[in-house]
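Peer 1: quick one: sequence plus predicted model below, questions after.
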Protein chains: 2
Amino acid sequence: MTNHREDAEKFLLAAKRAEIQALQRLVRSCELVTTVSDLVHQLQRERGISNIYLVSSGARFADHRQDQMHCSSDSEGGFRQLLHEQYLGPGRYDSPRDMRLLNGIAYALHGLDELVNLRRHIDAFEVSALESTDAYCRLIAGLLSVVLEAADVADDPEVTRLLVALGNFMQAKEFAGQERAWGAIGFAGSSFDESLHGRLNHLQDCQRHSLEVFCEFAGNVELARWQAIEDSQDARDLQRLRLMIAALKDGEPIASEISEVWYQLATARIDAMHRLENAITAKLREASRKRVAEAQAELGHHYAQLEMMKSAVWDRVPALTVLFDPEVPGLYGSATATSVPALHGQTLTHSLYDLIRSQVTHIRRVSEELEEARRALNERKLIERAKGVLMRSLRLNEEEAYRTMQQRAMEMNLKLVDVAKKIIDIGNRPGGAGETLSVAKSGT
Amino acid sequence: MTNHREDAEKFLLAAKRAEIQALQRLVRSCELVTTVSDLVHQLQRERGISNIYLVSSGARFADHRQDQMHCSSDSEGGFRQLLHEQYLGPGRYDSPRDMRLLNGIAYALHGLDELVNLRRHIDAFEVSALESTDAYCRLIAGLLSVVLEAADVADDPEVTRLLVALGNFMQAKEFAGQERAWGAIGFAGSSFDESLHGRLNHLQDCQRHSLEVFCEFAGNVELARWQAIEDSQDARDLQRLRLMIAALKDGEPIASEISEVWYQLATARIDAMHRLENAITAKLREASRKRVAEAQAELGHHYAQLEMMKSAVWDRVPALTVLFDPEVPGLYGSATATSVPALHGQTLTHSLYDLIRSQVTHIRRVSEELEEARRALNERKLIERAKGVLMRSLRLNEEEAYRTMQQRAMEMNLKLVDVAKKIIDIGNRPGGAGETLSVAKSGT
């Protein structure tokens, strides 16, 4: 019997150790996104500088570009070193959900491997500013997907919320960077044609969309800092300039001096965003380390309690056991998962049963909070999937697919996510493609 | 550069290895639920036999009970041995989501540790048949929660669906076992009072509910086998007997000979259910092993492809790379996760990029199928949580809470899960308890 009793103890402790290991993994993820955030920022700068270098046929920013390439390479080195230390050691890749993160890293690394070729093409003026911008965008997209994967596989509610907020904020910043780049290309060409107007509009929409998700998941401190950025004079001036550009007719010429103003204002906003990004990554690292320390303290508490129970004093108190606890209704009319009675308030731990119950309560609280954090995340993913279904079945581009869904949601007085669910459900049915067409098209 | 190129390769392979390890974990889970299924079945028999032993004051089934206790102990031994071998070895408990499974096992083991005391109480006739039944129910509830946890943390869509089907089928069988026990107690007392009628009704409701979920997740083979059980003469006779009991007035006496018939019919159905359960666990083990073999073959394929790429022949084909692939739109108007272009059909793998892309496609397909399988599971969990909120805030018992939600869903013409979401949302708001009360009560 003594042996058996120890089985339950061993599993109680093993569960707590599994939590600690999961949280340590989270610390690694938070360090990873910190280095990704820096690398993305460097590459965004390199993209902008390379554009100016290209459009001026090398007359401008040649030295500046060399300096920036050094900064990017330093940052890349830090990223690769962290990957080697944290993810390629023996026995490091043993979590089931790591698969997605690891493959995301492989994808991002593959893009980085091509950077040297891209730079060579730019050196030789073999690519246009447009092609160069697109290539940098793809590279950065791969890196940002690592952040989104990290958010997706995180196992702690607070850290998940912060990672989702960060991932979307980084996306918004990237859209802002692309907006700056395309604006600069418009000014360089001295006119904005219809497709450029559409592109800028869409990038502004995308920023709004990502920032909405950021606001949903961010804490109050981050929200206040973001509000301050949006309320700044620079941001207001940028907004005025956006409206001015939007009002330009197709091909109408524009004074190229405004180009400098555009670049400065957009850059000021992006730099402010980067500072907030840094504040979020610092908070993430702190939060994840704190959670590890807490879980370790809980493990220590478990050991102490188990020792105390073995002492004679405690043996005299008849311990409540699971089989005769009237609060456990057995299976009678209950899903088992909820049949474990919760501990009311802070109770003294008298028995192994109390200890197991308190851990059940802890796990349930964390799981429910995590589920809550993921619910909104899953809704976003459903919208993305539905967009993919429409793109494939109706041969729409992304923007058209998204607008089609928005329009249908308005007409049907449904939430966007509910329209998405309908589209996916129809898409999953055999021969559903035709039906998707009719659902999506009927209102357009 | 060669070094760098190998980084991406290493992460591509690490991702596949992480998948293999996750699937190996799944094989362990499937073996675990197989032993749990057997142990639960033995304990259900022991519960029934102990009841007859108790109500006959030891005159009946004394030897039968000894034999059954040996069978239960053998099964318990197998369960504990598997746990030691598979979950307590060094470095075995290293997955984040294992925490819930491990704590569920600790809970179940703690119940098993108390079995020896329960049996001693029965030996000495210190517990009533009712108390004994309740104790066995709690013990079995703990074991069944292990199966539900295993379903909850599984990482493969097909296995998840089968595990959810199995978990709910086992619950239905347990409700059927409880129904048999309470029916037997009614016959032994020669009358059915109102509370016993309510209990039997509720257990039949619970069976229906669990079987609905089973039917939603089971494959066609299992569905056909289940249909055959329901269509059998025994099941029809049992249904007639249920209706006969339900028609009895409060306290109306009943011929005790029917007791034997009740027990036989209920047992025939439960045994048939157990045979189907065995078929499902066999299928689970086969499916999980097959998935491991597939993933290992894919890893072998990766190695072969990477070797081929290193040969000179392949180097001459200019490989498509991520930065200049027009199918990758970069971040332009797209959530990154969907910006990776899918491979159309079976393409020959020419480059590392193709290999990474094909793995992205594989991961996305598995993730989406898994999400689909979990969607229904999450809806069930929301309903359970909402029930908990109502129980706490309105001090209802489980049955009342469930009926209240059903009633509100009918009145408001909503799905049960949508009523559940409303209740949870209100419960989460500060001071929401009063509101919960009004939402839930207004129609009752």
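Peer 2: Yes, it's here.
Peer 1: helix or strand: which one has A:Phe169?
Peer 2: Taking DSSP states H and E as the definition, one finds A:Phe169 inside helix A:157-188.
Peer 1: so which elements touch that helix?
Peer 2: helix A:2-55, helix A:129-152, helix A:194-217, helix A:258-310, helix A:352-394 (3 or more C-beta pairs under 8 Å, 6 or more residues apart in numbering or on different chains; DSSP states H and E). (C-beta placed from N, C-alpha, C; glycine too.)
Peer 1: is the longest one positioned near chain B?
Peer 2: I take that to be helix A:2-55. Yes: for helix A:2-55, a contact with chain B is found by C-beta under 8 Å from any C-beta of the partner chain, at A:4-5, A:7-12, A:14-19, A:21-22, A:25.
Peer 1: low pLDDT regions in the stretch 251-400 of chain A?
Peer 2: Residues of the stretch 251-400 of chain A that meet the criterion pLDDT under 70 lie in A:251, A:256, A:311-322, A:326-350, A:376.
Peer 1: and the stretch 1-150 of chain A, by the same measure?
Peer 2: Ranges of the stretch 1-150 of chain A meeting pLDDT under 70: A:1-5, A:89-97.
Peer 1: need the winner for burial among the helices and strands packed on helix A:157-188.
Peer 2: Counting by mean count of other C-beta atoms under 10 Å in any protein chain shown, helix A:129-152 has the highest mean neighbour count of the helices and strands packed on helix A:157-188, with a mean of 25.
Peer 1: what angle do helix A:157-188 and that helix make with each other?
Peer 2: 170 degrees (axes from the mean of the first three to the mean of the last three C-alpha atoms, to 10 degrees).
Peer 1: quick one: contacts for A:Asn168?
Peer 2: A:Ser210, A:Leu211, A:Val213, A:Phe214, A:Phe217 (C-beta atoms under 8 Å, 6 or more residues apart in numbering or on different chains).
Peer 1: element containing A:Trp403?
Peer 2: I think there's a mix-up here, since residue A:403 is Arg and not Trp. With DSSP H and E as criterion, A:Arg403 is part of helix A:398-412.
Peer 1: now swap in A:Ala59 and tell me
Peer 2: Using DSSP H and E, A:Ala59 sits in no helix or strand.
Peer 1: before we move on, the earlier item: tell me the angle the helix holding A:Arg403 makes with helix A:194-217.
Peer 2: 60 degrees.
Peer 1: helix A:398-412 near chain B anywhere?
Peer 2: Yes: interface with chain B: helix A:398-412 contributes A:Glu398, A:Glu399, A:Tyr402 (C-beta under 8 Å from any C-beta).
Peer 1: which of the residues you listed has the most neighbours?
Peer 2: A:Tyr402 (24 neighbours; other C-beta atoms under 10 Å in any protein chain shown).
Peer 1: that one and A:Gly167, how far apart?
Peer 2: 19 Å (C-beta to C-beta, to the nearest Å).
Peer 1: do A:Lys10 as well
Peer 2: On the measure of C-beta to C-beta, A:Lys10 and A:Gly167 end up 38 Å apart.
Peer 1: equivalent analysis for A:Val40, please.
Peer 2: Taken as C-beta to C-beta, the span from A:Val40 to A:Gly167 is 11 Å.
Peer 1: same check, this time on A:Gly104
Peer 2: 12 Å.
Peer 1: hang on, the earlier thing: so which of the contacts of A:Asn168 are also by chain B?
Peer 2: Applying C-beta under 8 Å from any C-beta to these, none is adjacent to chain B.
Peer 1: would you turn those residues into CSV with distance to B:Glu179 and pLDDT?
Peer 2: Formatted as CSV, the contacts of A:Asn168 follow (distance: C-beta to C-beta, whole Å; pLDDT from 0 to 100):
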residue, distance to B:Glu179, pLDDT
A:Ser210, 54, 88
A:Leu211, 55, 93
A:Val213, 48, 86
A:Phe214, 52, 92
A:Phe217, 46, 89
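Peer 1: burial measure for the nearest residue to A:Ala279 once chain neighbours are set aside, as a count.
Peer 2: Spatially, and ignoring its direct neighbours in sequence, A:Ala279 is nearest to A:Arg225 (6.8 Å; C-beta to C-beta, 6 or more residues apart in numbering or on different chains). A:Arg225 is flanked by 17 other residues according to other C-beta under 10 Å.
Peer 1: next: A:Asp63.
Peer 2: By other C-beta under 10 Å, neighbour count at A:Asp63 equals 8.
Peer 1: from the contact counts, what lies against the helix or strand it falls within?
Peer 2: According to DSSP H and E, A:Asp63 maps onto helix A:62-87. Contact here means 3+ C-beta pairs under 8 Å, 6+ apart; on that basis helix A:62-87 packs against helix A:2-55, helix A:98-113, helix A:115-123, helix B:2-55.
Peer 1: distance of A:Leu352 relative to B:Leu115?
Peer 2: 15 Å.
Peer 1: same question for A:Leu82.
Peer 2: With distances taken as C-beta to C-beta, A:Leu82 is found 51 Å from B:Leu115.
Peer 1: repeat that for A:Arg380.
Peer 2: A:Arg380 is 48 Å from B:Leu115, by C-beta to C-beta.
Peer 1: which residues sit in contact with A:Ala154?
Peer 2: Taking C-beta under 8 Å, 6+ apart, one finds A:Leu26, A:Ser29, A:Thr160, A:Leu163 in contact with A:Ala154.
Peer 1: quick one: the residue lying closest to it once chain neighbours are set aside and A:Leu370, what's the gap?
Peer 2: With C-beta to C-beta, 6+ apart as the criterion, A:Ala154 has its nearest non-adjacent residue at 4.4 Å, and that residue is A:Thr160. Here the criterion is C-beta to C-beta. By it, A:Thr160 lies 6 Å from A:Leu370.
Peer 1: common neighbours of those two, please.
Peer 2: Counting by C-beta under 8 Å, 6+ apart, nothing touches both A:Thr160 and A:Leu370.
Peer 1: closest residue of the stretch 101-250 of chain A to chain B?
Peer 2: When scored by C-beta to the nearest C-beta, the stretch 101-250 of chain A has A:Cys137 as its residue closest to chain B, at 2.9 Å.
Peer 1: that residue reaches A:Glu179, doesn't it?
Peer 2: No: A:Cys137 is not in contact with A:Glu179 according to C-beta atoms under 8 Å; the separation is 11.7 Å.
Peer 1: let me see the contact set for the closest residue to A:Leu12 other than its chain neighbours.
Peer 2: Spatial nearest neighbour of A:Leu12, chain neighbours left out: B:Ala106 (4.3 Å); criterion: C-beta to C-beta, 6+ apart. B:Ala106 is in contact with A:Ala8, A:Glu9, A:Phe11, A:Leu12, A:Ala14, A:Ala15, A:Ile356, A:Gln359, counting by C-beta under 8 Å, 6+ apart.
Peer 1: fine by me, thanks again.
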